[in-house]
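> next comes the sequence, and after it the predicted model I'd like to discuss.
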Amino acid sequence: MSTTLVPLAILMWAVTYPVRAIGLLAPAIDRLPKPILRYLQFVGPAVLAALAAVNTVTTTRPDGVTVIQVGIAWLAVPLCIAVVAWRQSLFLGLVVAVALTFLGRSIGLT
């Protein structure tokens, strides 16, 4: 196992966490102007969508070539979006998507 990317991960956390945490740490967030508040509300879902898109659509082969991947995640991501829209719960949508991915991979789907 290589740990060469750990410093990069720590740097990325240090750069992105403050923006993601403003909603949790700002005591008077409800007094911010509406455009800023609306922007901050979409930071978390945007980050999750970017991570889901990259991890769903592409994969890197051992020879270093990035290729399009089609698998169970192509079903899990839209299912997650549907559950979030239906139940208004990101947590429930993620649980359902992870469960579908786990079940699919346990029966041999990739």
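Sure thing, it's come through. Since the model is a prediction, treat every value here as computed from it, not as a measurement.

> quick check: Ala46 vs Val19, distance?
Shown here: Ala46 relative to Val19, a distance of 11 Å by CB to CB, to the nearest Å. Yep, even glycine has a C-beta here, placed from its N, CA and C like the rest.

> ugh, wrong one, Ala73
Separation of Ala73 from Val19 (CB to CB): 26 Å.

> quick one, which of those two is more surrounded?
Higher neighbour count among Ala73 and Val19: Ala73, with 22 against 13, using other CB atoms under 10 Å.

> wait, what's in contact with that one?
Residues near Ala73 by CB atoms under 8 Å, 6 or more residues apart in numbering: 52, 55-56, 101.

> next one: Val84
90, 92-93.

> report the separation between it and Asp63.
Counting by CB to CB, the gap from Val84 to Asp63 is 37 Å.

> for the lengthiest helix in the chain, packing partners?
Using DSSP state H, we find that the single longest helix of the chain is helix 34-57. Using 3 or more CB pairs under 8 Å, 6 or more residues apart in numbering; DSSP states H and E, the elements in contact with helix 34-57 are helix 6-25, helix 73-87, helix 90-106.

> change it to 7 Å
helix 6-25, helix 73-87 (3 or more CB pairs under 7 Å, 6 or more residues apart in numbering; DSSP states H and E).

> kindly export it (C-alpha atoms) in PDB.
In PDB, the C-alpha atoms belonging to helix 34-57 read as follows (Å, rounded to 0.1, in the frame of the first residue of the first chain):
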ATOM      1  CA  LYS A  34     -30.100  34.900   0.300                       C
ATOM      2  CA  PRO A  35     -27.700  34.300  -2.700                       C
ATOM      3  CA  ILE A  36     -24.900  33.400  -0.300                       C
ATOM      4  CA  LEU A  37     -27.100  31.100   1.800                       C
ATOM      5  CA  ARG A  38     -28.400  29.400  -1.400                       C
ATOM      6  CA  TYR A  39     -24.800  28.900  -2.600                       C
ATOM      7  CA  LEU A  40     -23.700  27.300   0.700                       C
ATOM      8  CA  GLN A  41     -26.700  25.000   0.700                       C
ATOM      9  CA  PHE A  42     -25.600  23.500  -2.600                       C
ATOM     10  CA  VAL A  43     -21.900  23.000  -1.800                       C
ATOM     11  CA  GLY A  44     -22.400  19.600  -0.100                       C
ATOM     12  CA  PRO A  45     -24.600  18.100  -2.800                       C
ATOM     13  CA  ALA A  46     -22.300  19.500  -5.500                       C
ATOM     14  CA  VAL A  47     -19.200  17.800  -3.900                       C
ATOM     15  CA  LEU A  48     -21.100  14.500  -3.500                       C
ATOM     16  CA  ALA A  49     -22.300  14.700  -7.100                       C
ATOM     17  CA  ALA A  50     -18.800  15.300  -8.400                       C
ATOM     18  CA  LEU A  51     -17.400  12.400  -6.400                       C
ATOM     19  CA  ALA A  52     -20.200  10.100  -7.600                       C
ATOM     20  CA  ALA A  53     -19.800  11.100 -11.200                       C
ATOM     21  CA  VAL A  54     -16.000  10.500 -11.200                       C
ATOM     22  CA  ASN A  55     -16.300   7.200  -9.300                       C
ATOM     23  CA  THR A  56     -19.200   6.000 -11.400                       C
ATOM     24  CA  VAL A  57     -18.200   6.900 -14.900                       C
END
